[in-house]
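1. I'd like to go over a predicted model; first the sequence, then the structure.
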Amino acid sequence: MNRNWIKVLIAALFEVFWVIGLKHADSFLEWSGTILSIVISFYGLITAGRGLPVGTVYAVFVGLGTAGTTAADFLFFGEPFKLEKVLLIILLLAGVIGLKLVTDEKTEEGADS
């Protein structure tokens, strides 16, 4: 797997953390973690976009972040499980996987890979 795709996955994971933090942070430590998660997430997104098509990177980032945030809501925050929501997330992930599969992984000359 291309190093830039790993950066996108890490950025999406930290997106889940900061989105949860925006809703649930109450203390200085929690807000600090939220801000750190934003920095890590956007750093990964920006650096991955240097070697991959930005539109695809952003779509994968948002799709994975949406799926992760929805899963966290179900698992940790008591959001009611709705089959329709899960099916739509699966459809979203199918599109994200499709974008990754059709994206040329050749990086630009001189880009960090």
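-> Arrived safely.
2. and the least confident helix or strand in the chain by mean pLDDT, how far out from the chain's middle?
-> Taking mean pLDDT, DSSP states H and E as the measure, helix 83-102 is the helix or strand of the chain with the lowest mean score, a mean of 88. Computed by Cα atoms, centre = their mean, to the nearest Å, the separation of helix 83-102 from the middle of its chain amounts to 13 Å.
3. do stretch 23-33 as well
-> Counting by Cα atoms, centre = their mean, stretch 23-33 is centred 20 Å from the centre of its parent chain.
4. Then stretch 65-81?
-> Computed by Cα atoms, centre = their mean, the separation of stretch 65-81 from the middle of its chain amounts to 14 Å.
5. Average pLDDT for that stretch, rounded please.
-> The average pLDDT within stretch 65-81 is 90.
6. before we move on, back to that, of all the residues in the least confident helix or strand of the chain, which ones are buried?
-> 89, 92, 96, 99, 100 (16 or more other Cβ atoms under 10 Å). For every residue, glycine as well, the C-beta is placed using N, CA and C.
7. could these go into JSON lines alongside distance to residue 47?
-> Formatted as JSON lines, those follow (distance: Cβ to Cβ, whole Å):
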{"residue": "89", "distance to residue 47": "27"}
{"residue": "92", "distance to residue 47": "24"}
{"residue": "96", "distance to residue 47": "19"}
{"residue": "99", "distance to residue 47": "19"}
{"residue": "100", "distance to residue 47": "17"}
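8. Closest one of those to residue 61?
-> residue 96 (9.1 Å; Cβ to Cβ).
9. could you list every residue that touches that closest one?
-> Shown in contact with residue 96 (Cβ atoms under 8 Å, 6 or more residues apart in numbering): 59, 60, 63, 64.
10. redo that, cut-off 6 Å
-> Residue 96 makes contacts with 60, 63, as judged by Cβ atoms under 6 Å, 6 or more residues apart in numbering.
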